[in-house]
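> Got a predicted structure here, sequence first:
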Amino acid sequence: AQKVIQVWSTASRQEGEELTLDCSYETSQVLYHLFWYKHLLSGEMVFLIRQMSSSTAKERSGRYSVVFQKSLKSISLVISALQPDDSGKYFCALWELGDMGYKLTFGTGTSLLVDP
Amino acid sequence: EAAVTQSPRNKVAVTGGKVTLSCNQTNNHNNMYWYRQDTGHGLRLIHYSYGAGSTEKGDIPDGYKASRPSQENFSLILELATPSQTSVYFCASGDARTVYAEQFFGPGTRLTVL
């Protein structure tokens, strides 16, 4: 069963709009991290933002922020003031202690297209 | 300049041939990882390493070997390539001193096995 689920495989918005990308996850660990990465059209994979399971702070990095609903095991990435360069594929990832040590499990990604 | 580099960036191989994908990092990270990314799947972990001389099996190690001859270099080896190994491969490094540190990824290698 998929541990990290990104329901929407694609999304499209107009420049200047705001977008929320949803991600749900499964874990039995108390302490874990959640990451959002962006796969650029150039092929590069870029770290965007991190949420610690123990933190209640609303994480924010530039135009990126997260909505973390721990009890629902849900984390959403919010991108404000969308720009065409925001086009790419966004991955949610869960970092937790597993049978073979700490590991990062990725969702299947959401491809975003931002029209100018 | 990029801290994690991969070579080659694109590779076409024939079934049964040997393929070596190379990764170099200048982050001085102990941990390095090899993933593959396929449509409908997230990145899946193939092999990883805790340091020079160490290699560990990830979630999908079958058909792959790994080699970590130094802190900076981590190779993924396909001894007998098959069409099912056509994919985009990512190498990443991470700081072992910080348990929940983010991983830094290379630009990816697109491998096609004919």
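Everything's here; your move.
> I figured A:T105 hits A:C92, correct?
No - using Cβ atoms under 8 Å, A:T105 is not in contact with A:C92; the gap is 9.5 Å. Heads up, the C-betas are built off the backbone N, CA and C, glycines and all.
> and the residue in chain B that chain A sits nearest to, how far is that from A:S24?
Residue of chain B nearest chain A, by Cβ to the nearest Cβ: B:G42 (3.0 Å). Separation of B:G42 from A:S24 (Cβ to Cβ, to the nearest Å): 13 Å.
> any weak-confidence spans in chain A?
Chain A contains residues with pLDDT under 70 at A:1, A:98-101.
> tell me which parts of chain A are close to chain B?
Chain A has residues A:4, A:33, A:35, A:37, A:39, A:42-47, A:50, A:52, A:91, A:93, A:95, A:100-109 near chain B, with proximity defined as Cβ under 8 Å from any Cβ of the partner chain.
> hey, where'd the strands end up in chain B?
B:4-7, B:10-13, B:19-25, B:31-37, B:43-49, B:56-57, B:65-67, B:73-78, B:87-94, B:104-105, B:109-113 (DSSP state E).
> Turn these into TSV, columns for mean neighbour count and distance to A:V66.
Output for those, formatted as TSV (neighbours: other Cβ atoms under 10 Å in any protein chain shown; distance: least, Cβ to Cβ, whole Å):
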stretch	mean neighbour count	distance to A:V66
strand B:4-7	18	25
strand B:10-13	15	34
strand B:19-25	20	27
strand B:31-37	25	23
strand B:43-49	23	20
strand B:56-57	15	30
strand B:65-67	18	33
strand B:73-78	21	30
strand B:87-94	24	21
strand B:104-105	21	20
strand B:109-113	18	30
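> Now render those as CSV, adding mean pLDDT.
Putting the strands of chain B into CSV (pLDDT from 0 to 100) gives the following:
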stretch, mean pLDDT
strand B:4-7, 95
strand B:10-13, 96
strand B:19-25, 98
strand B:31-37, 93
strand B:43-49, 93
strand B:56-57, 91
strand B:65-67, 98
strand B:73-78, 98
strand B:87-94, 94
strand B:104-105, 90
strand B:109-113, 96
